[in-house]
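K.L.:
From the sequence below, what's the structure:
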Amino acid sequence: MAENFRRIGVVGAGAWGTALAQAVAAQGHETLIWAREAEVVTAVNDRHENTLFLPGIALDAGVKATGDIAAIGSMDALLLVCPAQHLRAVAASLAPHARDGLPVVICAKGIEEKTGQLMTEVLAEAMPAARAAVLSGPTFAHEIAAGKPTAVTLAATEPGLADKLAEAIGAPRFRPYTSPDVIGVQIGGAVKNVMAIACGMVAGMDLGQNARAALMTRGLQEMTRLSIAKGGAIETMMGLAGLGDLVLTCTSESSRNYTLGLEIGRGKRASEILAARRTVAEGAYTAGAVTRLAARLGVEMPIVSGVDSIVNEDADLTRIMNELLARPFRREGIAG
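P.N.:
Here you go, the predicted structure:
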């Protein structure tokens, strides 16, 4: 029997979740977005705008909001768009209200700080009856919400699931490309946030465009090594969820992770910057998780380790940068 994905739930009403709800609703789907904040629910339903997290964007009239987690569980498919470090708790709250076999598309980019698990691994524990997929790629929420052309990767290990979901939510200006490599897609989406912090630091220290290009290239090698060690495919790192997302996030001040690094590079402490923000820079949490995961897998990731030391241990930025520059000369490649 063909599945009917006409009723799509979006779990999380930040800028990213709201933008995805807008893209889905534009395809004529009944779209329900779950928000913790009562003011967001009211604003979306009464004013057709998320005034708290995505102000200035008029939302499709088909986007409705609720604060009732049980209501979202009755939809045909879900996009899980909460921050990575909250995904376990949100999925566990949702699980009693969702039918067995409900397709759940993970749209969070990160690795769980406490366990080092990928988001699919977290979902498998918190919501074991769900059919998991992953959506990632080079995306800024405000551009998706404004209807600007965007391409993403939609991955699932279950045969045919990614294709069915892509057919349901895809459009000429929101183009999902499918993949079976859920591991590589998640590694790319998580680690590129850490690399964006590093690139912001380079810009903040005024080290130049050459240094940023070198860091991005070496960062891609680190991402690829970790992906291979976890069972991902090299090809994924060359696609939208790898190189594409890395380029976007490491070169724009629209990136929360890049601007975090930029401010650190200009002399501010990470803890002070993060405390003053309403939005989440996932890379700050992911840096430590990736460093520990890489150590367990025997993968060398000096850039990620350096970012972790600066952001989470208050290490001296200049010292860490000099240590990276003083590393031995070696042959270029994934292994080096």
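K.L.:
and residue 33, backbone torsions?
P.N.:
Torsion angles at residue 33 (phi, psi; degrees, to the nearest 10) stand at phi -110, psi 130.
K.L.:
So in terms of bridging, what pairs with it?
P.N.:
On the basis of DSSP bridges, residue 33 is bridged to residue 10, residue 65.
K.L.:
quick one, what contacts it?
P.N.:
Neighbouring residues of residue 33 by C-beta atoms under 8 Å, 6 or more residues apart in numbering: 9, 10, 12, 13, 17, 18, 21, 44, 63, 64, 65, 66. C-beta coordinates here come from the backbone N, C-alpha and C atoms, glycine included.
K.L.:
Any stretches of the stretch 1-150 of the chain with poor pLDDT?
P.N.:
Applying pLDDT under 70 to the stretch 1-150 of the chain flags residues 1-2.
K.L.:
now the helices for it?
P.N.:
Along the stretch 1-150 of the chain, the segments classed as helices by DSSP state H, counting those that start in this stretch run 15-25, 38-47, 69-72, 87-94, 119-126, 141-145.
K.L.:
Name the stretch among the ones you listed that sits most buried.
P.N.:
Mean neighbour count (mean count of other C-beta atoms under 10 Å) peaks for helix 15-25 among the helices of the stretch 1-150 of the chain, with a mean of 27.
K.L.:
And that one, how far out from the chain middle?
P.N.:
Centroid separation for helix 15-25 versus its chain: 14 Å, with C-alpha atoms, centre = their mean, to the nearest Å.
K.L.:
thinking again about what came up before, widest-spaced pair of the contacts of residue 33?
P.N.:
Using C-beta to C-beta, the pair of these lying farthest apart is 12 and 64, separated by 14.9 Å.
K.L.:
Which one of the two is surrounded by more residues?
P.N.:
A count of neighbours by other C-beta atoms under 10 Å puts residue 12 above the other of residue 12 and residue 64, at 25 against 17.
K.L.:
mind listing what the more buried one touches?
P.N.:
Taking C-beta under 8 Å, 6+ apart, we find residue 12 in contact with 33, 34, 35, 80, 81, 82, 83, 90, 107.
K.L.:
Can you convert these into TSV and add a column each for distance to residue 214?
P.N.:
Below are those laid out as TSV (distance: C-beta to C-beta, whole Å):
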residue	distance to residue 214
33	41
34	42
35	41
80	35
81	33
82	35
83	30
90	38
107	31
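K.L.:
neighbour-wise, which of those leads?
P.N.:
If you rank those by neighbour count (other C-beta under 10 Å), residue 33 sits at the top with 30 neighbours.
K.L.:
where's it relative to residue 72, distance?
P.N.:
8 Å (C-beta to C-beta, to the nearest Å).
K.L.:
Any chance you could list residues touching both of the two?
P.N.:
What both residue 33 and residue 72 touch, as defined by C-beta under 8 Å, 6+ apart, is the set 9, 10, 66.
K.L.:
What residues sit buried inside stretch 164-172?
P.N.:
Buried residues in stretch 164-172, counted by 16 or more other C-beta atoms under 10 Å: 164, 165, 166, 168, 169, 170.
K.L.:
And the fifth one, what's its pLDDT?
P.N.:
Spelled out, that is residue 169. At residue 169, the model reports a pLDDT of 94.
K.L.:
So the protein: which segments form each domain?
P.N.:
Using automatic domain parsing, the domain parsing of the chain gives 7-180, 190-325.
K.L.:
In TSV, list the ones you listed along with distance to residue 334.
P.N.:
Shown next, in TSV, are those (distance: least, C-beta to C-beta, whole Å):
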stretch	distance to residue 334
domain 7-180	20
domain 190-325	5
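K.L.:
was I right about residue 197 contacting residue 308?
P.N.:
No - counting by C-beta atoms under 8 Å, residue 197 does not reach residue 308; the two are 9.7 Å apart.
K.L.:
Pick out whichever of the buried residues of stretch 164-172 sits closest to residue 266.
P.N.:
Closest to residue 266 out of the buried residues of stretch 164-172 is residue 169 (39.3 Å), distances taken as C-beta to C-beta.
K.L.:
Excluding residues flanking it in the chain, which one is nearest that closest one?
P.N.:
What sits nearest to residue 169 in space, not counting adjacent residues and going by C-beta to C-beta, 6 or more residues apart in numbering, is residue 24, at 5.4 Å.
K.L.:
give the contact list for the one you found.
P.N.:
The contact partners of residue 24, by C-beta under 8 Å, 6+ apart, come to 8, 10, 31, 79, 169.
K.L.:
that older thread, who wins for proximity to residue 333 among the domains of the chain?
P.N.:
Here domain 190-325 is closest among these (C-beta to C-beta), at 7.5 Å.
K.L.:
picking up where we left off before, pick the one among the contacts of residue 12 closest to residue 211.
P.N.:
Nearest to residue 211, judged by C-beta to C-beta, of those is residue 83 at 30.1 Å.
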